[in-house]
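1. please work out how this folds:
(one chain, ligands or ions: 4)
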Amino acid sequence: VTSLSRFSTVRQHAEQHDGKPAGPELSEEEVARALRNKEFVAYFQPKMCLADGALKGVEALIRWQHPEHGLLAPGCFIDLIERSQYISEMTLQMLDMSLQHCRIWHDAGYPLSFSINVSARSLADSRLADAIVERVAASDIAPRYVILEITESAIMTDLSTTLGTLARLRLKGFGLSVDDYGTGFSCMLQLSRVPCSELKVDRAFVNGASQSAHLRILLESALDIARKLNLRVVAEGVETRADWLLLRELGCGEAQGYFIAKPMPGDAMLAWWRSNRERFLAPSTLDS
Ligand code: C2E
Ligand code: MG
Ligand code: MG
Ligand code: MG
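-> Ligands and ions are numbered 1, 2, ... in the order given. All right, here's what the predicted structure looks like:
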C-alpha cells in the first residue's frame, strides 16, 4: 500500500484527463523538445496469470514529465503525437526504456515480457518495424518477450497496408496483440486474417461483468472467439475481486487492471511484486 500511494498524484492526474482533452494546450514543438530532453517516461502495469497468480508481463504506458504541467497521462497528448511526424521516434524511445527495464528484470530472475502500444498508422511505414526489429536484435532480449499492441479499430482500418508488416514481425518472433478488442467492429473473418498472438478484451466488457448478465454474455463470446482462434487472451480494466473471480471461472488467461495494480515506474515493479505476490497465490482469498 505504501509503495502504491507514492503514485497517487499520477493517478489523479491520469483520471482527470482520461479520454478528455481537458488538459493543457500542447504543441508539436513541445513534443520535439520532450523527445530531445527525454521528458517521456515509461510506466508499467502488471499482467497477471489468472490460473496461478503468476506475473507474466507488463504493459508499457507513456507518461510525459512536463516541466510546467507535471506528469501527464497520454489522454492529454497521444493524439497530437500520433498525428505528428514524431510518432516513430516516440515509439522507439518507449521501446528503449522498456528494453532497459526488461534487462534488469531478467537479470534479477524475472523473465517478464513487455507490451508496447504501436499506432497502426505508424506501421504503414515499414521503417518503424525495421527499427523495432533492429533495436530488439541489438539488445539481448529475445523478440518473444516483446508484444506489440495495436488497437483493433486501427488494424481494421489499415489492414491492407499493415498486414505484410505485421506478418513479418510475427515471423521474427514478436508477439502481436489486438488492443481494445470488441470495440472495433471487426468480424471473426477479418480478425482471423490478422497474424496476432493475443486478444486484449476492452475494459468495457470486463469492468462490471460480474454484475451484469449482458456484459457477461459479451465477455464469454469474446473469450470463446479467442479460444477458437487459438489466441491468448488478456482482460483489461479489472477493478474488482468479483470481476477477477469471474474471469478466472470463465477461463480467461491473463488480467490487467487497477485491482491488480496501477501503472508504476519501471524501477518500482519488482518491489511491488515481491510485496504483493502472496495476494495472488490464493485468489479466492483476495481482498478487493
Ligand atoms: P490502452 O493501451 O488500452 O491502455 C490501457 C489504459 O487503461 C491505460 O491508460 C491504463 O492506465 C488504463 N487502465 C488500466 N487498468 C485500468 C482499470 O482497472 N480501470 C480503468 N478505468 N483504467 C485502467 P493510459 O495509461 O492513460 O493510456 C491510455 C491509452 O493511451 C492507451 O490505452 C493507449 O491507447 C495509449 N497509449 C499509452 N501509451 C502509449 C504509447 O506508448 N504509444 C501509443 N501509441 N499509445 C499509447
Ligand atoms: Mg494497450
Ligand atoms: Mg487496451
Ligand atoms: Mg482499452
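2. list the residues that contact Ala222.
-> Going by C-beta atoms under 8 Å, 6 or more residues apart in numbering, Ala222 touches 181-182, 199, 201, 205, 233. C-beta: built from backbone N, CA, C; applies to glycine.
3. neighbour-wise, which one of these leads?
-> Within those, most neighbours by other C-beta atoms under 10 Å means Val201, with 28 neighbours.
4. three-state assignment of the most centrally placed residue in the chain?
-> The residue lying closest to the centre of the chain (C-alpha atoms, centre = their mean) is Glu59, at 3.8 Å. Following DSSP: H, G, I helix; E, B strand; the rest coil, we place Glu59 in the strand state.
5. apart from its chain neighbours, what residue comes closest to it?
-> Spatial nearest neighbour of Glu59, chain neighbours left out: Ser115 (4.4 Å); criterion: C-beta to C-beta, 6 or more residues apart in numbering.
6. mind checking which of the contacts of Ala222 are in strands?
-> 181, 199, 201, 233 (DSSP state E).
7. I'd assumed Arg203 was in contact with the first one.
-> No - using C-beta atoms under 8 Å, Tyr181 is not in contact with Arg203; the gap is 10.6 Å.
8. any residues touching stretch 76-95, and which ones?
-> By C-beta under 8 Å, 6+ apart, stretch 76-95 touches 17, 21, 23-24, 26-28, 31-32, 35, 38, 40, 42, 60, 62, 64, 116-119, 121-122, 125, 127-128, 131-132, 135-136, 146.
9. that stretch - what's its average pLDDT?
-> Averaging pLDDT along stretch 76-95 gives 95.
10. hmm, it touching ligand 2?
-> No - residues of stretch 76-95 contacting ligand 2 under C-beta under 5 Å from the ion: none, with a closest distance of 11.0 Å.
11. right, quick check: that stretch against ligand 3, any contact?
-> No - figure legend: stretch 76-95 not in contact with ligand 3 (C-beta under 5 Å from the ion); closest approach 12.3 Å.
12. do stretch 113-124 as well
-> No - for stretch 113-124, no contact with ligand 3 is found by C-beta under 5 Å from the ion; the gap never falls below 7.9 Å.
13. what are the buried residues along that stretch?
-> 113-123 (16 or more other C-beta atoms under 10 Å).
14. any idea which of those is closest to ligand 3?
-> Asn117 (7.9 Å; C-beta to the ion).
15. now the residue in the chain that ligand 3 sits nearest to: how far from Leu189?
-> In the chain, no residue comes nearer to ligand 3 than Asp179, which is 4.2 Å away by C-beta to the ion. In this view, Asp179 and Leu189 are 20 Å apart by C-beta to C-beta, to the nearest Å.
16. of those two, which one has the most company?
-> Asp179 (26 against 7).
17. dump the residue contacts of the more buried one.
-> 117, 149-152, 200.
18. pull the most distant pair out of those.
-> Asn117 and Glu152 (12.6 Å; C-beta to C-beta).
19. still on that earlier bit, name the element the residue nearest to Glu59 belongs to?
-> Using DSSP states H and E, Ser115 falls within strand 113-117.
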